[in-house]
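In: task: produce atomic coordinates for the following.
(one chain, ligands or ions: 1)
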Amino acid sequence: MSRIVYVNGEYLPEENATISIFDRGFLFADGVYEVTSVIDGKILAFDGHVERLQRSLRELQMDTPCTMEELEAIHRELIVRNNLVEGLIYLQVTRGAADRDFAFPVGVKPSLVLFTQAKNILNNPVVENGIKVISIPDIRWHRRDIKTVQLLAPSLGKMAAKAAGADDAWLVEDGFVTEGTSNNVYIVKKDGTIVTRNLSTDILHGITRAAVLKCANEAQMKIEERPFTIAEAQDAAEAFFTSASAFACSVVEIDGVKIGNGTPGETAKRLREIYLIETMKTAK
Ligand code: PDD
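Out: Next up, the predicted model:
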């Protein structure tokens, strides 16, 4: 069945939705995006995603396509029109369409596209089994704090993982793990301390990361925000990752080495549960 998608002010069946071939998202990956989860028809952590979107736009001197209230209304309308109970909403803003030139065009209206993806995100088989990851060099640009649509490096990473019989890749730079291809990553030391890379331009400032760390803090868990190596991760009691679509999920193997006893750890399970309870309280 065809979805109803949103393109520049219009709600259209997906097959009728079009964007200019001169759109700078298409020509230069000159765009930013957000992915939010929907459970029971409600949007999770909407305010956090909107704040990060505004930051991404600011960092790239890109105009805002509409007010944030309008953005929320579009999300809601898409949920209604597509009868979305559980799944994701993808939002993309690009600088708009203009004749090809590296310099930013002046006075061009940004393009705004949103679509839904119906998906079972609560009962994810990954939660039961955890995932296997490989490590690969982080070849991305140096402003990973901006959520841009230039995602070829993560795509190559996922393909490398697939070819190696793994589920994802952890990206390594100067000997330290930055993040997963599309998630923030954590280890749990044998004394229970959660270690995750500190915020900087090296990683995306995950909305789920912020919420999960808040939950961990409130549950009196110890947290260290600092870089860690693959060797330290392989020696840890647990490893896990967070993202808007996966919440918190365990990593059970890194580069062929089992983490702990090779099954999903208790800390990740507990954080996932607390996170879901807390985030549903503010779901819109
Ligand atoms: N990815 N790091 C990277 C590189 C990401 O692409 C993502 C999200 C995250 C987690 O951020 P958040 O908790 O705000 O989702 C970290 C989304 C889900 C995606 O590209 O589909």
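
In: C-alpha only now, for contacts and for neighbours.
Out: OK.

In: show residues contacting the lowest-mean-pLDDT helix or strand in the chain.
Out: Ranked by mean pLDDT, DSSP states H and E, the weakest helix or strand in the chain is helix 125-129, scoring a mean of 91. Here helix 125-129 makes contact (Cα atoms under 8 Å, 6 or more residues apart in numbering) with 249, 250, 252, 263, 264, 269.

In: can you map out the helices along the stretch 1-150 of the chain?
Out: When secondary structure is read from DSSP state H, counting those that start in this stretch, the stretch 1-150 of the chain shows helices at 24-28, 46-59, 68-81, 125-129.

In: among the ones you listed, which comes closest to residue 1?
Out: Nearest of the helices of the stretch 1-150 of the chain to residue 1, taken as Cα to Cα: helix 68-81 at 12.6 Å.

In: hmm, back to that, top of the contacts of helix 125-129 by neighbour count?
Out: For the contacts of helix 125-129, the largest neighbour count, defined by other Cα atoms under 10 Å, is 30 neighbours, found at residue 250.

In: leaving out chain neighbours, which residue sits closest to that one?
Out: What sits nearest to residue 250 in space, not counting adjacent residues and going by Cα to Cα, 6 or more residues apart in numbering, is residue 240, at 4.1 Å.

In: quick one: that neighbour is in a helix?
Out: No - using DSSP: H, G, I helix; E, B strand; the rest coil, the secondary structure at residue 240 is strand, not a helix.

In: wait, what's in contact with it?
Out: 185, 186, 187, 248, 249, 250, 251, 268.

In: ditto for residue 102
Out: Residue 102 makes contact with no residue, according to Cα under 8 Å, 6+ apart.

In: out of the contacts of residue 240, who's nearest the ligand?
Out: The ligand lies nearest to residue 185 out of those, by Cα to the nearest ligand atom, at 8.1 Å.

In: please name the strands paired to the helix or strand harbouring that closest one in the sheet, noting orientation.
Out: Secondary structure from DSSP states H and E places residue 185 in strand 184-188. Counting by DSSP bridges, the strands paired with strand 184-188 are strand 194-196 (antiparallel), strand 238-243 (antiparallel).

In: so which of those strands is nearest residue 256?
Out: strand 238-243 (13.8 Å).
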